[in-house]
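S.K.: Show me the folded form of this:
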Amino acid sequence: MDGFLVVLLIVALVATLGALFAGLLVMARGGEVSKKYSNVLMRWRVILQFTALVLLGLIMLAAGK
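M.R.: Here you go, the predicted model:
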């Protein structure tokens, strides 16, 4: 079970990093694309980051048992 949670954590961290870089690139590009997608991408980053923190908490909780 711990190994599965670690894999999910790694996936969540990579997805967070991807959303972060995609959001930064869209904001740097500017214009209409930025208006349309920058908030959506940053919202996804926050959701993925929260997911990663929850998974990390679960891993630490499981390690303490």
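
S.K.: Quick one: distance of the lengthiest helix in the chain to the chain centre.
M.R.: If each helix of the chain is counted by residues according to DSSP state H, the longest one is helix 31-64. Here the centre of helix 31-64 is set off from its chain's centre by 3 Å, with CA atoms, centre = their mean, to the nearest Å.

S.K.: mind listing what's buried in that helix?
M.R.: If you call a residue buried by 16 or more other CB atoms under 10 Å, then helix 31-64 has these buried ones: 34, 37-38, 41-42, 44-45, 48-49, 51-52, 55, 59. For glycine as for every other residue, the C-beta is placed from the backbone atoms N, C-alpha and C.

S.K.: Which neighbouring elements make contact with it?
M.R.: helix 2-29 (3 or more CB pairs under 8 Å, 6 or more residues apart in numbering; DSSP states H and E).

S.K.: Now do the helix it packs on against helix 31-64, angle only.
M.R.: 160 degrees (axes from the mean of the first three to the mean of the last three CA atoms, to 10 degrees).
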